[in-house]
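Student: I need the structure of the sequence given here:
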Amino acid sequence: MYEFDVVIVEDESGGYVGFVPALPGCHTQGDSVGELLDNAKEAVELYLETLTEEEKRELLRQRVVGLQKVKALAQRHAVRLPEAAEDPSEGASRLFAGRVHI
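Tutor: Have a look, this model is predicted:
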């Protein structure tokens with residue numbers, strides 16, 4: 001059985017998008033987190049089917065050791081946000097991680 005981390009982002013238009021950092025290009029979506037995780041499991045299984053045994057061994061040595069937000073500001077396109085916003089995350093995507101077992 002393999003285990004992979006899945007980064008899940010709440011989509012602004014509804015639903016969720018997820019990607020598997022250990023498997024470049026492996027991503028999926030779902031209307032709920034449960035649906036997204038089911039779809040992620042299928043995406044990972046299909047991804048692994050395309051790899052040779054050597055490629056699998058190489059990818060399975062990698063692991064996510066943390067997830068950290070980084071704040072950055074582009075100087076030419078900076079927009080000043082109100083300091084007293086009711087919800088500081090308003091308009092931003094929420095980000096969290098999940099795990100799929102296959």
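
Student: State the mean pLDDT of the helix or strand in which R57 is found.
Tutor: Assessed by DSSP states H and E, R57 sits inside helix 53-60. Averaging the model's pLDDT scores along helix 53-60 yields 88.

Student: Give me the residues contacting it.
Tutor: Outside helix 53-60, the residues within contact range by Cβ atoms under 8 Å, 6 or more residues apart in numbering are 2, 22-23, 48, 51. In short, each C-beta sits where N, CA and C put it, glycine included.

Student: could you dump those to a markdown table with distance to R61?
Tutor: Listed next are those as a markdown table, based on distance: Cβ to Cβ, whole Å:
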| residue | distance to R61 |
| --- | --- |
| Y2 | 12 |
| A22 | 9 |
| L23 | 13 |
| L48 | 14 |
| L51 | 13 |
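
Student: Between the residues you listed, which sits nearest E35?
Tutor: L23 (19.3 Å; Cβ to Cβ).

Student: how far does the helix holding R57 sit from the chain's center?
Tutor: Here helix 53-60 is found 21 Å from its chain centre; the criterion is Cα atoms, centre = their mean, to the nearest Å.
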